[in-house]
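K.L.:
Here is my input; please provide its structure:
(one chain, ligands or ions: 1)
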Amino acid sequence: MFRFIHTSDWHLGQNFYGYDRSEEQRDFLRQLADIVREQEPDALLVSGDIFHTAAPSSAAVSLYVNAMIDIHEACPGMSIIVIAGNHDSAARLESDSRLWKYARVNVLGGIARDADGHADVGRHLIKVGDKGIVAAVPFAYPASFPPLKGHDTHRDQRMPEFFQALLDQAQAINHDNLPVVLMAHLAVSHSDITGHDPNLMMEYVEIGTLGEGYDYAALGHIHRPQRLDEHTFYCGTPVPVSFDEQCEHAVSIVEIDAHEALPRLETKAIKNLKPLHTLPASEPIEFDQALTLLENQPQGENAYIRLNVLADMGLPLDANERAAQLASQQSCYFCEIKKTRLDTATRQTRQMTVEELSKASPLEVANRHYTEVLHREMTAEEKEMFNEVYRLVMEDKSK
Ligand SMILES: [Mn+2]
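P.N.:
Predicted coordinates:
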């Protein structure tokens, strides 16, 4: 039986709205070391995005180095396999990979090539004792996979060919029918990307690109934990990277009896030292109501706060300052105000005909906006101000 922990997307060194997250990230890594000590797995697989940026600060690197040594010492017989994600620098991660072998850490930063520039799939295979075979593929854009020797194929074919060649080679050395685990950092089509910025373009690959012959694919890149089929899994972020990652945060513990057996999965929840709260979590409300929610936050929770506010009316000029001040009184960290304008569909405005519009006075049009969109009447003062502005504009026009 092969037993391992699957984790990914640590994003160490993330700067979160100007706040340093090293305290929570250190706490997560301490929890991981405890899980390793208790579970004594054969391997720990880290499927990319170790760091948040390609050039992490020395503090972030030091956090990583100390944690990896602690994790190694928590179970010295365990193999650790780390692949680079899109956030990592392949070269940087690989620069000290020989040194890491002394702590049983295998680091793969980029796709290995032989002297002729062809893919060197053998360097991506790691045998974990007599327990399992891991085929580890760090992040690379589909177009930058090198061709296989003797395959003069089109760019589009190189990535799927690489994966299949890797799994074929794993099978060729698999004399003891050991479980085969594939590690990769990529986005598979039709994954649930809830929690990711919808405006960010992600490059997707079909699940078939991963090839055939693996018993478990330990994927990273998508932050929401999910099962794509009975052999293919994202473990998700252990610590949420954005407010929209409202899901379980955990690491997966996986057991596979033999090659071509089904994996068994268990998750170990990670407790977040500083929770991320959107106030309110559901529908946006008026700014003042959101402030009241913030005021009623439990003291000493050290949460990051995002206010979820209706912004049709505009917000007070000092909205951010007021929220930040209130948050610090609650020992919370104010991050941002998420502004929502009521969807045009919910406004229930009635289209005005051209005839109606031509008959209506400017004040009547303005008043309609107040009643139908802002759901209140114009005050006498607002009407007076509107008329004054209108008069000034007309005066200016006639000059
Ligand atoms: Mn990531």
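K.L.:
who touches D96 in this structure?
P.N.:
Contacts for D96 were tallied using Cβ atoms under 8 Å, 6 or more residues apart in numbering; they are V107. C-beta coordinates here come from the backbone N, C-alpha and C atoms, glycine included.
K.L.:
and the helix or strand harbouring A327, what other elements does it pack with?
P.N.:
Using DSSP states H and E, A327 sits in helix 319-329. Contacts defined by 3 or more Cβ pairs under 8 Å, 6 or more residues apart in numbering; DSSP states H and E place helix 319-329 against helix 287-295, strand 304-310, strand 333-340.
K.L.:
Tell me the buried residues in it?
P.N.:
Using 16 or more other Cβ atoms under 10 Å as the test for burial, helix 319-329 gives 319, 322-324, 326-327.
K.L.:
Check stretch 63-80 too.
P.N.:
Quick answer for stretch 63-80 (16+ other Cβ under 10 Å): 63-64, 67-68, 70-72, 74-75, 78-80.
K.L.:
okay, among those residues, which ones form the most distant pair?
P.N.:
L63 and S79 (21.8 Å; Cβ to Cβ).
K.L.:
could I get the buried residues of helix 319-329 as JSON lines with pLDDT?
P.N.:
Shown next, in JSON lines, are the buried residues of helix 319-329 (pLDDT from 0 to 100):
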{"residue": "A319", "pLDDT": "95"}
{"residue": "R322", "pLDDT": "96"}
{"residue": "A323", "pLDDT": "96"}
{"residue": "A324", "pLDDT": "96"}
{"residue": "L326", "pLDDT": "95"}
{"residue": "A327", "pLDDT": "95"}
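K.L.:
and which of these is nearest to the ion?
P.N.:
A327 (26.7 Å; Cβ to the ion).
K.L.:
okay but that closest one is in contact with F334, surely?
P.N.:
Yes - A327 lies in contact with F334 (Cβ atoms under 8 Å); the separation is 3.6 Å.
K.L.:
in the stretch 1-150 of the chain, which spans are helices?
P.N.:
Here the stretch 1-150 of the chain has its helices, by DSSP state H, counting those that start in this stretch, at 22-39, 58-74, 90-94, 97-100.
K.L.:
So which residues on this protein come close to the ion?
P.N.:
Counting by Cβ under 5 Å from the ion, the residues of the chain close to the ion are 9, 49.
K.L.:
which stretches of the chain have low pLDDT?
P.N.:
For the chain, the stretches flagged by pLDDT under 70 are 343-351, 399.
K.L.:
What is the three-state secondary structure of the closest residue to the ion within the stretch 251-399 of the chain?
P.N.:
Nearest to the ion, among the residues of the stretch 251-399 of the chain, is V251, at 14.8 Å (Cβ to the ion). The local conformation at V251, judged by DSSP: H, G, I helix; E, B strand; the rest coil, is strand.
K.L.:
Give me the domain ranges for the protein.
P.N.:
Residue ranges of the domains in the chain are recorded as 2-269, 276-340, 344-398, according to automatic domain parsing.
K.L.:
if you compare the ones you listed, which one is most tucked away?
P.N.:
Mean neighbour count (mean count of other Cβ atoms under 10 Å) peaks for domain 2-269 among these, with a mean of 18.
K.L.:
And the residue of the stretch 251-399 of the chain closest to the ion, how far from A119?
P.N.:
30 Å (Cβ to Cβ, to the nearest Å).
K.L.:
C75 contacts E38, correct?
P.N.:
No - C75 lies out of contact with E38 (Cβ under 8 Å); the separation is 9.3 Å.
K.L.:
residues shared between the contacts of the two?
P.N.:
Counting by Cβ under 8 Å, 6+ apart, nothing touches both C75 and E38.
K.L.:
how about the nearest residue to T194, chain neighbours excluded?
P.N.:
Leaving aside its chain neighbours, T194 sits nearest to R224 (5.5 Å; criterion: Cβ to Cβ, 6 or more residues apart in numbering).
K.L.:
which residues touch the one you found?
P.N.:
Residues near R224 by Cβ under 8 Å, 6+ apart: 191-195, 234, 236, 245, 247.
K.L.:
now do V128
P.N.:
Contacts of V128 (Cβ under 8 Å, 6+ apart): 2, 4, 42-43, 79, 134.
K.L.:
And what about the residue nearest to P225 when sequence neighbours are not counted, helix, strand or coil?
P.N.:
Distances taken as Cβ to Cβ, 6+ apart place G236 nearest to P225, at 3.2 Å, with adjacent residues excluded. Put simply, G236 is coil when judged by three-state DSSP.
K.L.:
Which phi and psi values does G236 adopt?
P.N.:
When read as degrees, to the nearest 10, the backbone of G236 gives phi 80, psi 170.
K.L.:
From R341, how far out is it?
P.N.:
Distance, G236 to R341, by Cβ to Cβ: 31 Å.
K.L.:
hmm, back to that, in strands, which of the contacts of V128 appear?
P.N.:
2, 4, 43, 79, 134 (DSSP state E).
K.L.:
Make sure the fourth one is actually in contact with K127.
P.N.:
What it means is S79. No - with contact defined as Cβ under 8 Å, S79 does not reach K127; the gap is 9.0 Å.
K.L.:
Bridged to D20, which residues?
P.N.:
Beta-bridge pairing of D20 under DSSP bridges involves N15.
K.L.:
where does M183 land in three-state SS?
P.N.:
Assignment for M183 (three-state DSSP): strand.
K.L.:
Please report how far it lies from G300.
P.N.:
For M183 relative to G300 (Cβ to Cβ), the value is 39 Å.
K.L.:
what's the answer for P160, then?
P.N.:
Taken as Cβ to Cβ, the span from P160 to G300 is 52 Å.
K.L.:
do the same with A172
P.N.:
For A172 relative to G300 (Cβ to Cβ), the value is 58 Å.
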